[in-house]
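S.K.: Quick one: sequence plus predicted model below, questions after.
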Amino acid sequence: MGVKTAITLEELCTVFPCTTLVPSENGVSDTVYFTDQGVIKLFETASLEAVEQEYHLLLNLSHLPVNRPKKAVFSFHGKPCIVYETLRGSSLHTVTSHHIIQISEFLHRFHQSTQGTHSSNPKLFERPRLKSLIDQTGYGPLQDIFDSIDLNLSCDGIIHGDLFLDNVLFEGGELSGVLDFGEACKGDFLFDLAVVAISWCLDGVNERSNIETLLAYYNSNLCIHDFLPYMKYALLYYATTRYLNGRDYQELLNKIPLLDKLKGTL
């Protein structure tokens, strides 16, 4: 989240009555402001169809702690906008098994709700697209890792795809909200779970117990050995996108040896 398009309180009130307007300081892609009536997000590049799809997805997930929309999608500055309810809480800096249990249970319920559902959004996380992104980097080590992963991804239903720590809020130790469904699309549920694993479970100390907890509370019968390729793929995907965006990709690649070490103990 952040600000790309500057807006004033006066002009916003012509389409959405509020009395305060505070710009967000975080994020890189869309424009986000906090108001006393909710959080307004201007989508800088997403199509109206994609934003409408997110709106309806969030309505269908209203039984879960997600950032629910407060009004229908509208146009502002020629861009589609959503106003979300304000969620309480903050993202984690330190993860415990209690937090892993909660995000795992959330993801299980989320996947139950989206299994088999349709999405017109591009399937961002499929192997052919990742191969295309790696080709754009021209960086050989990414290609070597891609070639080492023997994995056939499924198309189970709509996934979040970006459940890193900064997209989940906790208050008083309890999960209070999940954010940023802008890249939700059809994909593999285990890949979605693997994104959680690489962000929440690889602490350099308790990898095995963390992953076992994640799988158990997701109600998956998959063993860790068979789950590791999904984690490796998730690390590679996000290392590649970070490489292309000029961000720190090496942090993610450095986690791959942790997977190899863990595999050796199974």
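M.R.: Happy to help now that I have it. Residues are numbered from 1 along each chain as shown.
S.K.: Assign the residue nearest the centre of the chain to one of the three secondary structure states.
M.R.: When the chain is reduced to its mean C-alpha position, the nearest residue by Cα atoms, centre = their mean turns out to be Asp162, at 1.6 Å. Reduced to three states with DSSP: H, G, I helix; E, B strand; the rest coil, the structure at Asp162 is coil.
S.K.: Settle this for me: it is touching Cys185, isn't it.
M.R.: No - counting by Cβ atoms under 8 Å, Asp162 does not reach Cys185; the two are 10.7 Å apart. Any C-beta I mention is one placed from the backbone N, CA and C, and that applies to glycine too.
S.K.: what ranges do the helices span in this protein?
M.R.: 9-12, 48-60, 97-114, 127-137, 140-148, 189-200, 207-217, 224-244, 250-253, 256-265 (DSSP state H).
S.K.: mind saving the C-alpha coords of stretch 157-170 as PDB?
M.R.: Below are the C-alpha coordinates for stretch 157-170, written out as PDB (Å, rounded to 0.1, in the frame of the first residue of the first chain):
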ATOM      1  CA  GLY A 157      -9.900 -22.900  -6.900                       C
ATOM      2  CA  ILE A 158      -9.200 -19.300  -6.100                       C
ATOM      3  CA  ILE A 159      -6.000 -18.700  -4.000                       C
ATOM      4  CA  HIS A 160      -4.700 -15.600  -2.300                       C
ATOM      5  CA  GLY A 161      -1.100 -16.200  -3.400                       C
ATOM      6  CA  ASP A 162       0.500 -13.500  -1.200                       C
ATOM      7  CA  LEU A 163       0.000 -14.400   2.400                       C
ATOM      8  CA  PHE A 164       3.200 -13.000   3.700                       C
ATOM      9  CA  LEU A 165       3.200 -11.600   7.200                       C
ATOM     10  CA  ASP A 166       2.400  -8.000   6.100                       C
ATOM     11  CA  ASN A 167      -0.900  -9.100   4.600                       C
ATOM     12  CA  VAL A 168      -2.300 -10.500   7.900                       C
ATOM     13  CA  LEU A 169      -3.200  -8.600  11.000                       C
ATOM     14  CA  PHE A 170      -3.300  -9.800  14.600                       C
END
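S.K.: before we move on, the earlier item: now, of the helices of the chain, which is deepest in the fold?
M.R.: By mean neighbour count, with neighbours taken as mean count of other Cβ atoms under 10 Å, helix 189-200 ranks first of those at a mean of 24.
S.K.: before we move on, the earlier item: how about the helices of the chain in JSON lines, adding distance to Asp36?
M.R.: Formatted as JSON lines, the entries for the helices of the chain read as follows, by distance: least, Cβ to Cβ, whole Å:
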{"stretch": "helix 9-12", "distance to Asp36": "11"}
{"stretch": "helix 48-60", "distance to Asp36": "21"}
{"stretch": "helix 97-114", "distance to Asp36": "28"}
{"stretch": "helix 127-137", "distance to Asp36": "40"}
{"stretch": "helix 140-148", "distance to Asp36": "45"}
{"stretch": "helix 189-200", "distance to Asp36": "32"}
{"stretch": "helix 207-217", "distance to Asp36": "37"}
{"stretch": "helix 224-244", "distance to Asp36": "35"}
{"stretch": "helix 250-253", "distance to Asp36": "37"}
{"stretch": "helix 256-265", "distance to Asp36": "44"}
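S.K.: Many thanks, I have nothing further to ask.
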